[in-house]
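**Student:** Build me a model:
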Amino acid sequence: KSVQICDSFTERDFRIKTIHQENAGPISARCKGFEMAKGTYLLSLDADDRLAQNALGRIDAVLSQTEIDILVFGYRRIDIKGRYTKTEYCFKDIIYSKSQKKDLFLKLWEKNAFNLVWNKVFRRDFIHKNLRIPENLKNIRTGDDAIIVTQLLIQADKIRTVEDMLYEYRIVPDSITRKFDPKSGEDIIQYRSYMLDQIKKADLLCSEIETVFFQVTYRTISYVLWQCARSNNSRKEKISFLCNMSTQELYRESLSYAEKVKFSARKRFSMWLYNHEMFYNFIRIEKFQNYINHLICTVLCNYRRKNE
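**Tutor:** Numbering: from 1, shown residues only. Predicted coordinates for the structure are as follows:
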């Protein structure tokens, strides 16, 4: 019904345009929107999420103060019913010049906001001039935001962060980012290798950025390994995926930084099993943890229903 809903809004409001094209992945869809948009600045939302109240008014007020290439704002996480969780990320009001990129990059990674396209506003002519998606990355579905954002952050001359939390990121159990797809492993290796290559070419790779980059890489790959172990794929498919990921050069590099990644004792033990190629035990412990998580969720849901 999405097509009909979009078309109905187009009929009611001349400012809304619906673009019809074959499904070519998220990068193609977002870039097509960037191409067709007419505004001075461009803001891109994900389907599950929403803007905070008066967000556009606040963004407009900030952008009218001084011309910048990119505006970055904070965000909150909300649950499937739209209730705020305890997780929120905000910044200080700072304008970063090209010479301050390293400080900005470290701050974005600290706030889990480097890869995100939806908590940033981009000047339209800046995007048209600088955004070029390599052919071999156009079909990536996991990490598509990072491919767009990395090159734009590197090319920007002036970037501003503001204190306001203007975006609300919805945690949806069946979201595309939470389902296991064997191709996600290949996508992660590709997009993070691309990020590292772009940062090196821009001469921005200092020891601090290298450490944070590989810590995030290790955490990202660990997450997809847990998804694989807990999925309903066959054991043969799981073992094949786990074996392949363990041999990837980028993952092997990230192991040197694994000790500094903040994982619980259980997660550390799980990854110890994986890194020692005890794949069957790794799968068993993650399947058991998945069962425990579902059990806890069921108990909490029943408790909430009784008290509503």
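**Student:** Stretch 28-43: which residues count as buried?
**Tutor:** Ser28, Arg30, Cys31, Phe34, Ala37, Tyr41, Leu42, Leu43 (16 or more other C-beta atoms under 10 Å). C-betas here are computed from N, CA, C, even on glycine.
**Student:** Helices along the stretch 201-308 of the chain, start to end?
**Tutor:** Assigned by DSSP state H, counting those that start in this stretch, the stretch 201-308 of the chain shows helices spanning 207-230, 235-246, 249-254, 265-275, 279-307.
**Student:** same for the longest one, what does it pack against?
**Tutor:** Yep, that's helix 279-307 we're talking about. helix 207-230, helix 235-246, helix 265-275 (3 or more C-beta pairs under 8 Å, 6 or more residues apart in numbering; DSSP states H and E).
**Student:** Redo these as a markdown table? Include mean pLDDT, mean neighbour count and distance to Asp69.
**Tutor:** Shown next, in a markdown table, are those (pLDDT from 0 to 100; neighbours: other C-beta atoms under 10 Å; distance: least, C-beta to C-beta, whole Å):
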| stretch | mean pLDDT | mean neighbour count | distance to Asp69 |
| --- | --- | --- | --- |
| helix 207-230 | 95 | 19 | 20 |
| helix 235-246 | 95 | 16 | 36 |
| helix 265-275 | 95 | 16 | 38 |
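**Student:** want to throw the ones you listed into a markdown table with distance to Ile19?
**Tutor:** Listed next are the helices and strands packed on helix 279-307 as a markdown table, based on distance: least, C-beta to C-beta, whole Å:
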| stretch | distance to Ile19 |
| --- | --- |
| helix 207-230 | 31 |
| helix 235-246 | 35 |
| helix 265-275 | 41 |
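**Student:** To Ile285, which of those lies closest?
**Tutor:** In terms of C-beta to C-beta, the element of the helices and strands packed on helix 279-307 nearest to Ile285 is helix 265-275, at 5.4 Å.
**Student:** Return the set of buried residues in stretch 130-141.
**Tutor:** Leu131, Ile133, Leu137, Ile140.
**Student:** what pLDDT does the closest residue to Asn244 other than its chain neighbours get?
**Tutor:** Closest residue in space to Asn244, ignoring its immediate chain neighbours: Gly185 at 6.9 Å, by C-beta to C-beta, 6 or more residues apart in numbering. Per-residue pLDDT puts Gly185 at 95.
**Student:** and what of Asn23?
**Tutor:** 84.
**Student:** now do Phe263
**Tutor:** Looking at Phe263, the pLDDT reads 94.
**Student:** Skip the chain neighbours and tell me the closest residue to it.
**Tutor:** Met271 (7.0 Å).
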